[in-house]
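Asker: Here is my input; please provide its structure:
(4 chains)
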Protein chains: 2
Amino acid sequence: MTARADDTGVLAALAGDRSLLNRSSTVERVAEILRERIIEGLLRPGERLSEDAIGRALGVSRNTLRESFRLLSHERLVVHELNRGVFVRTLSAEDVTDLYRVRKLIEPAALDGDVPVSEEGLRPLRAAIAAAANAAAEGRGADVGTANMRFHQALAALAGSARIDTIMRQLLAELRLVFHVMDRPGEFHAPYLDRNREILGLLERGELQQARQALLDYLADAEARLLAAY
Amino acid sequence: MTARADDTGVLAALAGDRSLLNRSSTVERVAEILRERIIEGLLRPGERLSEDAIGRALGVSRNTLRESFRLLSHERLVVHELNRGVFVRTLSAEDVTDLYRVRKLIEPAALDGDVPVSEEGLRPLRAAIAAAANAAAEGRGADVGTANMRFHQALAALAGSARIDTIMRQLLAELRLVFHVMDRPGEFHAPYLDRNREILGLLERGELQQARQALLDYLADAEARLLAAY
DNA sequence: AGACTACATATTGTTGAACGATCCTGCAAT
DNA sequence: ATTGCAGGATCGTTCAACAATATGTAGTCT
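Answerer: A predicted model of the protein is given here:
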């Protein structure tokens, strides 16, 4: 046995760090890069992603790239057409409707729980709002959108479910594709900063039902504005 | 123009067949085969899927197989560990809890809609129950499970959302992994045939709220029994 | 002009081999 | 019992090649 009495405690702490240590493969890093470029709109919806061109540009082989494409395709960020290649996904109005149908299901559910919202759970919400406020003050429209989405991701996280977290992450990533078919994507999120603040305020005061209603209003409003752009 | 007046009708019908016509790549067929073998338990949780061995067995190259693995990994049926390979997923008790947390969110939601349940939506529910009854009568335990799951898939489909359909499909596929850590997987579903019948009956009589409650009871019961097996 | 065909070209689908990197096992040394 | 060190097995990634498929173009016929 070792000399230390708190041995198990130390090991438990280290085990918690295991995720930090997770290295990543080239395939995952390439997918990460492409995901980023699609989300920020550098790669536009409908655009074809040539294996040869992108593989050459990133300096990776076609096989590696194809594995990355499979990941992105499963995330619905690109569509894979047999013998034709992969294309950045283009969302239809029905997609927007469906996306919001699921959001209206997932997000309010996080506020339905019997468990009161914990201080720890609120922290990321505050952080997201602060980030959005900063970005708005400095005129970084795209970052307002990112922070706004992080707010709603944190909202869904209150449900405490790993699967809901990934479902939500996926939904929001898809939703980013919608913004790129709009005229001024940067300005879309600005009006919602106040509404998110309101939701947070209600949560802090423990008024779950009203927070829930404010959230539903928000979702209905956002959906309507997006659909109007189609 | 063509000579037929009902041209658009014909074309619409043909468009519906497009999915049947969707050819598939080797990668997808391989993934389909592996998915099947994992679900039926031939490939057990924890088992390692060797690229060399499986590639040789199926007669496909390593590169192709790796693309298939990426798909299955994104579906959570296998886990990919860098430099160690892919393994059939082993679910923990927490996974079961999380899986049912999402089921309890998704499935009842399909019965919340303002829209009354259509005759067309009920058909697959009846078909699933009939299939389960047949399988039970002939002692095919595994098929009872499959039919049972199809019942709940059809239930979720009442929501009319493509994304909810795939979320549900994914959840159920994962859930199959749970059964393989149990003693007698075949017997698990048998008791639920009657409960599903009850849910269907309530739906047919338009008693949505009671159907919803029966569904929630079912889910709570199934979750408890699964957790007991851990 | 318009429609159809045939061919040329580019791209994807899949394979097989190669080589470095990483992990695992067994054994010797402490 | 723990550590250090081969050696072998497997994965990660690349490359080159060829088959299968889609697209573009020119030519032919009406």
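Asker: what comes into contact with the longest helix belonging to chain A?
Answerer: Criterion DSSP state H: the longest helix present in chain A is helix A:208-228. Outside helix A:208-228, the residues that touch it by C-beta atoms under 8 Å, 6 or more residues apart in numbering or on different chains are A:93, A:96-97, A:100, A:103-104, A:107-108, A:111-112, A:116-117, A:155, A:178, A:182, A:188, A:192, A:195-196, A:198-199, A:202-203. Backbone N, C-alpha and C define where each C-beta goes, glycine included.
Asker: from those residues, which would you call buried?
Answerer: Buried members of the contacts of helix A:208-228, scored by 16 or more other C-beta atoms under 10 Å in any protein chain shown, are A:96, A:100, A:103-104, A:107-108, A:111, A:117, A:155, A:178, A:188, A:192, A:195-196, A:198-199, A:202-203.
Asker: To which secondary structure element is A:Ile167 assigned?
Answerer: A:Ile167 belongs to helix A:162-179 when elements are defined using DSSP states H and E.
Asker: Could you pull up the residues touching A:Leu200?
Answerer: By C-beta under 8 Å, 6+ apart, the neighbours of A:Leu200 are A:122, A:125-126, A:129.
Asker: Between those residues, which sits nearest DNA strand D?
Answerer: Lowest distance from DNA strand D to those (C-beta to the nearest atom of the strand) belongs to A:Leu125, with 36.0 Å.
Asker: That closest one contacts A:Phe151, doesn't it?
Answerer: Yes. Between A:Leu125 and A:Phe151 there is a contact at 6.1 Å, judged by C-beta atoms under 8 Å.
Asker: what do those two both touch?
Answerer: In contact with both A:Leu125 and A:Phe151: no residue, using C-beta under 8 Å, 6+ apart.
Asker: Now do the helices in chain A.
Answerer: So, for chain A - with DSSP H - the helices run A:7-16, A:18-21, A:26-40, A:51-58, A:62-74, A:93-109, A:119-137, A:141-157, A:162-179, A:192-204, A:208-228.
Asker: Using TSV, lay out those together with mean pLDDT and distance to B:Gln210.
Answerer: Formatted as TSV, these follow (pLDDT from 0 to 100; distance: least, C-beta to C-beta, whole Å):
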stretch	mean pLDDT	distance to B:Gln210
helix A:7-16	71	45
helix A:18-21	70	44
helix A:26-40	97	44
helix A:51-58	98	55
helix A:62-74	98	38
helix A:93-109	97	21
helix A:119-137	94	34
helix A:141-157	94	30
helix A:162-179	96	27
helix A:192-204	95	33
helix A:208-228	95	24
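Asker: next one: stretch A:200-216 to chain centre, how far?
Answerer: Here the centre of stretch A:200-216 is set off from its chain's centre by 22 Å, with C-alpha atoms, centre = their mean, to the nearest Å.
Asker: Now the terminal residues of it, how far apart.
Answerer: Stretch A:200-216 has an end-to-end distance of 14 Å (C-alpha to C-alpha, to the nearest Å).
Asker: wait, A:Glu187 sits on A:Gly141?
Answerer: Yes. The criterion here is C-beta under 8 Å, and A:Glu187 meets it with A:Gly141 at 6.1 Å.
Asker: what about these two, which has more around it?
Answerer: Shown here are A:Glu187 and A:Gly141; by other C-beta atoms under 10 Å in any protein chain shown, A:Gly141 has more neighbours (16 against 12).
Asker: Verify the stated contact: that one with A:Met182.
Answerer: No. Using C-beta under 8 Å, A:Gly141 makes no contact with A:Met182, being 11.8 Å away.
Asker: Around chain B, which positions in chain A sit nearby?
Answerer: Within chain A, the positions lying close to chain B (C-beta under 8 Å from any C-beta of the partner chain) are A:22-25, A:27, A:63, A:66-67, A:70-71, A:74-75, A:82, A:98-99, A:101-102, A:105-106, A:109, A:159, A:161-164, A:167, A:171.
Asker: now with 6 Å?
Answerer: Neighbours of chain B within chain A, by C-beta under 6 Å from any C-beta of the partner chain: A:25, A:63, A:67, A:70-71, A:74, A:82, A:98, A:101-102, A:105, A:109, A:161-163.
Asker: Return a PyMOL selection command for the buried portion of the residues you listed.
Answerer: Typed into PyMOL, the line below selects the buried ones among the residues of chain A next to chain B, using 16+ other C-beta under 10 Å:
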select buried, chain A and resi 63+67+70+71+74+98+101+102+105+109+161+163
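Asker: Pull out the buried residues from stretch A:71-89.
Answerer: A:71-78, A:80, A:86-89.
Asker: Convert the C-alpha atoms of that stretch to CSV, please.
Answerer: The C-alpha trace of stretch A:71-89 is given here as CSV (Å, rounded to 0.1, in the frame of the first residue of the first chain):
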residue,chain,number,x,y,z
LEU,A,71,-18.7,12.7,-39.1
LEU,A,72,-20.0,16.0,-40.4
SER,A,73,-22.6,14.2,-42.5
HIS,A,74,-23.9,12.5,-39.5
GLU,A,75,-24.1,15.9,-37.8
ARG,A,76,-26.2,17.1,-40.7
LEU,A,77,-23.9,19.9,-41.5
VAL,A,78,-23.1,18.4,-44.9
VAL,A,79,-25.0,16.1,-47.1
HIS,A,80,-23.4,13.2,-48.9
GLU,A,81,-24.6,12.3,-52.3
LEU,A,82,-23.3,9.1,-53.7
ASN,A,83,-20.8,9.6,-56.5
ARG,A,84,-21.4,13.3,-56.4
GLY,A,85,-19.6,14.4,-53.3
VAL,A,86,-20.5,16.2,-50.1
PHE,A,87,-22.2,19.6,-50.0
VAL,A,88,-22.7,22.1,-47.2
ARG,A,89,-26.3,21.5,-46.1
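Asker: hmm, it touching DNA strand C?
Answerer: Yes. Under the criterion of C-beta under 7 Å from any atom of the strand, DNA strand C is reached by stretch A:71-89 at A:80, A:82-85.
Asker: Which ones among these lie within strands?
Answerer: Judged by DSSP state E, the residues of stretch A:71-89 next to DNA strand C include A:80, A:85 as members of strands.
Asker: how about a markdown table for the residues of stretch A:71-89 next to DNA strand C, with pLDDT and distance to A:Gln210 added?
Answerer: Converted to a markdown table, the residues of stretch A:71-89 next to DNA strand C look like this (pLDDT from 0 to 100; distance: C-beta to C-beta, whole Å):
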| residue | pLDDT | distance to A:Gln210 |
| --- | --- | --- |
| A:His80 | 97 | 44 |
| A:Leu82 | 96 | 50 |
| A:Asn83 | 96 | 54 |
| A:Arg84 | 96 | 50 |
| A:Gly85 | 97 | 49 |
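Asker: Relative to B:Gly59, which of the residues of stretch A:71-89 next to DNA strand C is nearest.
Answerer: A:Leu82 (20.2 Å; C-beta to C-beta).
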